[in-house]
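Asker: Whatever this is, show me its structure:
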Amino acid sequence: MSTDNLFLCASNLRKQYGAETPGQAPVVVLTDVSIQIKTGETVAITGASGSGKSTLLHLLAGLDGPDAGNVLIDGLSVFDLNESQRCRLRNQKLGFIYQFHHLLKEFNAIENVAMPLRVAGLNRIQAEIEAGKMLTSVGLASRSTHYPSQLSGGERQRVAIARSLVHLPRCVLADEPTGNLDEVTADEVSNLMFELSERHGIALIVVTHNRELAARASRQLALSNGLLTS
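Answerer: Reported below is the predicted structural model:
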């Protein structure tokens, strides 16, 4: 792959977990995984349950450390940074969407969406102005003052998408983003996710069991037996 516009480069990642009981061998999840992500491209990663897809996303984001290998984000070695620097890098460069929305129940929609901007130091008024624009782009302008408990599952996931994009990250990592939704709502959410990624030129890495969702990505990869293949 050309290195033009290369955003993320992971090389030779290995990850294992210790045995649950004495005498058991460690469980090797990833053996030798390498991947490159260019600005604006969409990549789907599929694999059986327990194959290590979520573990890989956590390593790519620096949320967990590998036993071997490295991850570069915009040329920076993620694991050479201290935790504070990694947090700042994630806040500036990455967005996250999960199967479960992980909205903060004590905050309304616009406050949830504004959270990455507030963490980055933007004042409340400006953060909520930008959050309002993003809620409008996901079709929820009229629901901005509603709390998660007052929103449907699809609406909550739309808020989560808005939150992941409000700070215009370079890349969004999505872990089974439609896995908790019915088929119709899942289609609507996936349409929105890919549309906004294209509109803003944001790379999208999607972990999914959904073959139709995976097929929408510009590149499809499969994780099996600790290896990533095309």
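Asker: Report pLDDT for the residue lying closest to residue 39 once chain neighbours are set aside.
Answerer: In this structure, residue 39 finds its nearest non-sequential neighbour in residue 5, 4.2 Å apart by Cβ to Cβ, 6 or more residues apart in numbering. Heads up, the C-betas are built off the backbone N, CA and C, glycines and all. We have a pLDDT of 85 for residue 5.
Asker: Residue 229 now?
Answerer: So residue 229 comes in at 87 (pLDDT).
Asker: neighbours of it, just the number please.
Answerer: 9 (other Cβ atoms under 10 Å).
Asker: how many neighbours does the residue nearest to it when sequence neighbours are not counted have?
Answerer: Nearest residue to residue 229, sequence neighbours excluded (Cβ to Cβ, 6+ apart): residue 222, at 5.4 Å. Residue 222 has 16 neighbouring residues, counting by other Cβ under 10 Å.
Asker: contact partners of the helix or strand harbouring residue 222?
Answerer: With elements taken from DSSP states H and E, the one containing residue 222 is strand 219-224. Under the criterion Cβ atoms under 8 Å, 6 or more residues apart in numbering, residues 33, 35, 41-48, 51-53, 56, 214, 228-230 lie in contact with strand 219-224.
Asker: And it, what's buried?
Answerer: 219, 220, 221, 222, 223 (16 or more other Cβ atoms under 10 Å).
Asker: cool, and stretch 180-200?
Answerer: Under 16+ other Cβ under 10 Å, the buried positions of stretch 180-200 are 180, 181, 185, 186, 188, 189, 190, 192, 193, 194, 196, 197.
Asker: Please name every helix or strand in contact with the longest helix seen in the chain.
Answerer: Across the chain, the longest stretch assigned as helix under DSSP state H is helix 183-200. The helices and strands touching helix 183-200, judged by 3 or more Cβ pairs under 8 Å, 6 or more residues apart in numbering; DSSP states H and E, are helix 153-165, strand 171-175, strand 203-207.
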